[in-house]
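>>> pasting the sequence and the predicted coordinates here, then a few questions.
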Amino acid sequence: MKLRGPAGAVAGLAMALSLAACGSGDTSPGTTGGTTGGGAGAAGGKVGIDHPRADSDFWNSYIKYVPEKAKELGVDLLPATNSQNDVQKLVANTNALVGQGAKAIVMAPQDTGAIVSTLEQLANKKIPVVSVDTRPDKGPVYMVVRADNRAYGQKACEFLGDKLGGKGEVVQLMGSLSSVNGRDRAEAFRDCMKTKYAGITVYEAPTEWDGGKAAAMLQTLLQQHPGIKGIYMHAGGVHLAPTLQVLKAKNLLVPPTDAKHIFVVSNDGIPQEFAAIRAGQIDATVSQPADLYAKYALYYAKAAVDGKTFTPGPTDHDSTIIQLPNGLEDQLPAPLVTKDNVDDKALWGNQIK
């Protein structure tokens, strides 16, 4: 694999996690034997939640699920805040939620390195944190709820590599590399291409999760390298619409049966991606479980204020809890969706209205 940059493109709560031995017999939606019941000091309380942004179809879907899942789980949820992809707003919103009496915080920091001091301050106040979709680089967390983002990049690589027969040129529209998600997806895609498809050249475009940047970079790369036959989008929620616009403007938005077709694989699993797969405009996406993110983020936040702890191992909801240096992570399943299974009613993208 030959790697190229976008030339010419637009420039734990560690102290609270005892990792207790299993065997409580807890039948709530936690681990099968990896949960211990609340201790004598468990008192419950309000949960504060900050949404990371409202400019992404994926995150807007997640936001719609939150009140539904809170009611389902009996979570005493404070009015949500939105940090609008700004870590300073996230810090201010977190402080406001604590001031309103939050006993646990659910957040999704988009800059996973800049939230460390806030996590440490919350730990000092004995306020556990559940991080959704993103894993803070450092700082104690009670639980991270996300999918295996390296698997996203691996699946995208193998899909495009096979479609191109191991030869050709592809674009990787990356998210922000200040986010562990962007790094995981980018590194896994790059490593897979280098190892399994050495005949494919990868052009990388760091979009910072910005649709405008994605459109400009993709347009430039297609002009410079007209032989591009594959695109990997890190986030359909922000990359899908601009990618389709660019391909349409260049008369490249054609069915897979057309020789001009560019194979596109994405991440998110939003209804708009499913519609594009059915229309033959894109070819695949990895379904990032917005519904399960909301459900288990709130489940673990409630468990935290109830004094429960968890241990690494398989869960009863088809995921695996792993040990992190700064807490635990529940890695939820994220299936690849193609024309063969896009109508599966079990996929959240086919359920949300």
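Great, that's in hand. Residues are numbered from 1 along each chain as shown.

>>> tell me the bridge partners for Val264.
Ile231 (DSSP bridges).

>>> so how many other residues sit close to it?
Using other C-beta atoms under 10 Å, the number of residues around Val264 comes to 31. Placement of C-beta: from N, CA and C, glycine included.

>>> quickly note the distance from it to Ile277.
Here Val264 is placed at a distance of 9 Å from Ile277 (C-beta to C-beta, to the nearest Å).

>>> need the residues touching each of the two.
Both Val264 and Ile277 are in contact with Asp283, Ala284, where contact means C-beta atoms under 8 Å, 6 or more residues apart in numbering.

>>> show the pLDDT at the spatially closest residue to Val144 that is not a sequence neighbour.
Leaving aside its sequence neighbours, Val144 sits nearest to Glu329 (C-beta to C-beta, 6 or more residues apart in numbering; 4.0 Å). pLDDT, Glu329: 97.

>>> next: Ile352.
For Ile352, the pLDDT comes out at 82.

>>> quick check: the gap between it and Asp111.
Going from Ile352 to Asp111 by C-beta to C-beta gives 27 Å.

>>> what's the answer for Ala249, then?
According to C-beta to C-beta, Ala249 and Asp111 sit 32 Å apart.

>>> for Val180, same thing?
For Val180, the distance to Asp111 equals 10 Å [C-beta to C-beta].

>>> the more surrounded of those two?
Comparing Val180 with Asp111 by other C-beta under 10 Å, the one with more neighbours is Val180, at 22 against 18.

>>> hey, where'd the helices end up in this structure?
13-16, 57-73, 87-99, 116-124, 149-163, 180-196, 211-224, 236-249, 271-278, 290-305 (DSSP state H).

>>> and the ones you listed as CSV, adding distance to Leu173?
Below are those laid out as CSV (distance: least, C-beta to C-beta, whole Å):
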stretch, distance to Leu173
helix 13-16, 35
helix 57-73, 15
helix 87-99, 23
helix 116-124, 28
helix 149-163, 11
helix 180-196, 10
helix 211-224, 5
helix 236-249, 5
helix 271-278, 14
helix 290-305, 20
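
>>> what's the least confident stretch among the ones you listed?
Minimum mean pLDDT among the helices of the chain: helix 13-16, a mean of 36.
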